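Engineer: Below: sequence and its predicted model.
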Amino acid sequence: MSTLDEVDRQEQRQTLIRLENEHATLDRKVAEYAASSGADQLALSRLKRRKLQLKDAIVRLKSSVLPDLPA
């Protein structure tokens, strides 16, 4: 594996960590927001949509970072 490939994989791992942290933060915000009595449903929906987008990005990135497993 070349040094450039390793640098690219390291950047992908750092991006993955950042996305996972953002997802966890949003998860807490969604739970807190949903528990409040006067929650704005549109804002809550947007938070949930962003959380889902992050989850999709995490799954895509994990599949590119993790090596293929033999069948």
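Structural biologist: Thanks, I have it.
Engineer: what secondary structure does G38 sit in?
Structural biologist: coil (DSSP: H, G, I helix; E, B strand; the rest coil).
Engineer: pLDDT wise, what is it at?
Structural biologist: pLDDT recorded at G38 is 81.
Engineer: what do you get for E6?
Structural biologist: Looking at E6, its pLDDT is 83.
Engineer: Determine the three-state secondary structure at it.
Structural biologist: helix.
Engineer: ok, it to R18 distance?
Structural biologist: For E6, the distance to R18 equals 19 Å [Cβ to Cβ, to the nearest Å]. Yep, even glycine has a C-beta here, placed from its N, CA and C like the rest.
Engineer: for A35, same thing?
Structural biologist: According to Cβ to Cβ, A35 and R18 sit 26 Å apart.
Engineer: what do you get for R50?
Structural biologist: On the measure of Cβ to Cβ, R50 and R18 end up 14 Å apart.
Engineer: Which one of these two is surrounded by more residues?
Structural biologist: Neighbour totals were compared for R50 and R18, and R50 leads with 15 against 11 (other Cβ atoms under 10 Å).
Engineer: Which strands or helices does the host helix or strand of the more buried one pack on?
Structural biologist: Using DSSP states H and E, the element containing R50 is helix 41-65. Applying 3 or more Cβ pairs under 8 Å, 6 or more residues apart in numbering; DSSP states H and E, one finds that helix 41-65 contacts helix 3-35.
Engineer: which parts of the helix it packs on are buried?
Structural biologist: For helix 3-35, a neighbour-count test (16 or more other Cβ atoms under 10 Å) marks L16, L19, H23, L26, V30, Y33 as buried.
Engineer: Would you confirm that L54 contacts L19?
Structural biologist: Yes - taking contacts as Cβ atoms under 8 Å, L54 lies within contact range of L19: 5.6 Å.
Engineer: Where does the prediction get shaky in the protein?
Structural biologist: 1, 66-71 (pLDDT under 70).
Engineer: switch the cut-off to 90
Structural biologist: Confidence mapping of the chain against pLDDT under 90 gives the ranges 1-10, 33-41, 62-71.
Engineer: how far off helix 3-35 does the helix holding R50 point, in degrees?
Structural biologist: Computed by axes from the mean of the first three to the mean of the last three Cα atoms, to 10 degrees, the angle separating helix 41-65 from helix 3-35 equals 160 degrees.
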